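J.: fold the following and give me the result.
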Amino acid sequence: MSFGRYGNTDEQEEALRKVDEWSKQTGFTLHYGTSIGKHPQSVILDHEYQDGFVYVNRDGEIKVNDEHVETLEDFQEAIKG
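T.: Residues are numbered from 1 along each chain as shown. Purely as a prediction, here's the structure:
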């Protein structure tokens, strides 16, 4: 599944591509995705049914399990948490 299609800005699309790549590298499956907000402003990806495990805002900021993530190492730590 390509998460980039949920993106509304270039920054958001780039961040979603990173999340997609990191999830594949770690074997961490993200099953669902949706966008929320007016324009939409945020993209939410789920690991389990409606758990909102990953948030990506319009500026490309990534939060995984409520932790700010910028690198693969950050992603790996956040999914353990």
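
J.: pLDDT below threshold where in this protein?
T.: Regions of the chain meeting the criterion pLDDT under 70 cover residues 1, 4, 40.

J.: kindly list the longest helix within this protein.
T.: The single longest helix within the chain, with elements called by DSSP state H, is helix 10-26.

J.: tell me the gap between it and the middle of its chain.
T.: Mean C-alpha position of helix 10-26 versus that of the full chain (CA atoms, centre = their mean, to the nearest Å) differs by 7 Å.

J.: the helix or strand that it is followed by to helix 10-26, inter-axis angle?
T.: Using DSSP states H and E, the next helix or strand after helix 10-26 towards the C-terminus is strand 32-36. Counting by axes from the mean of the first three to the mean of the last three CA atoms, to 10 degrees, strand 32-36 lies at 160 degrees to helix 10-26.

J.: list the buried ones in strand 32-36?
T.: 33, 35 (16 or more other CB atoms under 10 Å). For glycine as for every other residue, the C-beta is placed from the backbone atoms N, C-alpha and C.
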